[in-house]
Structure formats: structure tokens, C-alpha cells
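**Student:** next comes the sequence, and after it the predicted model I'd like to discuss.
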Amino acid sequence: MRHKGDRGVTITDIATGAGAATTIVVCTTCRRPGDPEDAPRPGAALASRTVSAGQAAGLTVRRVKCLANCQRGCSAAIVRPGGWAYVFGHLDPSAAHALVEGARLLSDSADGLMPWRDRPEPLKRGLIARVPPLHYEDGE
């Protein structure tokens, strides 16, 4: 299903259910504080590098215009249907391979969580949020 988001950005719902793929979402508009408005965006560089690395690994990478994490850019998210979603910030454009490795870890996880110990360093330092699946029950 497609619909317009609050900034006029078209949003495509990510498939859910068994066998649905882990997806990396990268903000293309992230920039560093003090960067001129018309300067090349580090977020666009991270997105391009992640698309290349993700394709080589057989992953889906989506570009978005804003993840609303502007004070902590470059930003990206890794989502897996039925699993937890992870939002990362303070990423460098060179973090593309770390995002791909994180997506692989989440994809291979039996419990839908990305194992902390095995995460690449940029994903340990840059974690902003971990969001449970929609139908999460903690058992309490």
C-alpha cells in the first residue's frame, strides 16, 4: 500500500509475514551541522554506498528523504517483519558495510533481535532506538 507521509513523501509499506526480507532504510538528506544547504549530503553518500553493498549481499535498501533524526545524522534504520526495528544515528558515509552486517545479523536472528556482541562498532555506538514488532507481548 502507498500513501503520503506528513512531509509529502511517498511511503511504501514494507511486507510483513514469514519470509519477508530485512530492509535497510537510509536517510538521503542528512548533513553535518554547519554544512551549507547546497553542499553534497553525507546521507546521500551513505545511501549510495549502502545500496551498492546491500545489492552485493542480496538485501533491500530503501532511500528516504527524512528519518527525523536530524541532530544525529547520518541516520539509517534496519527493519525485519516480525522482528525488532533499529534506528541508528551519528553514522559516517563509510558505515554502509556495518549496516549490511547489521541487517544480516537481524535477518539470521531466531528471536528477532540483533545480537549486541556481534554488531559492528558503528551500530553499537550509534543506536538511537530499538522498536518492538507491532504485535509484541513481553509476557508480563
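**Tutor:** All right, it came through fine. In this text the structure is predicted, and so the values were computed from the model without any measurement.
**Student:** how about the strands in this protein?
**Tutor:** Ranges of strands in the chain, per DSSP state E, are 2-4, 10-12, 23-27, 60-64, 76-79, 85-88, 127-131.
**Student:** can you say which of those is nearest to Leu46?
**Tutor:** strand 23-27 (5.7 Å; Cβ to Cβ). To be clear about C-beta, it is placed using only N, CA and C from the backbone, and glycine gets the same treatment.
**Student:** skipping adjacent residues, who's closest to the residue sitting nearest the centre point of the chain in space?
**Tutor:** In the chain, the C-alpha nearest the mean C-alpha coordinate belongs to Ala77, at 1.8 Å (Cα atoms, centre = their mean). By the measure of Cβ to Cβ, 6 or more residues apart in numbering, the closest residue to Ala77 outside its immediate chain neighbours is Val25, 4.4 Å from it.
**Student:** got a pLDDT number for that neighbour?
**Tutor:** Note on Val25: pLDDT of 96.
**Student:** residues in contact with the residue nearest to the centre of the chain?
**Tutor:** Ile24, Val25, Leu67, Ala85, Tyr86, Val87, Phe88 (Cβ atoms under 8 Å, 6 or more residues apart in numbering).
**Student:** related to what we said a few turns ago, ranking the strands of the chain by mean pLDDT, which is last?
**Tutor:** strand 10-12 (a mean of 32).
**Student:** chain center to stretch 72-88, what's the gap?
**Tutor:** Relative to its chain's centre, stretch 72-88 lies at 4 Å (Cα atoms, centre = their mean, to the nearest Å).
**Student:** and Ile24, how far is that from Gly73?
**Tutor:** 16 Å (Cβ to Cβ, to the nearest Å).
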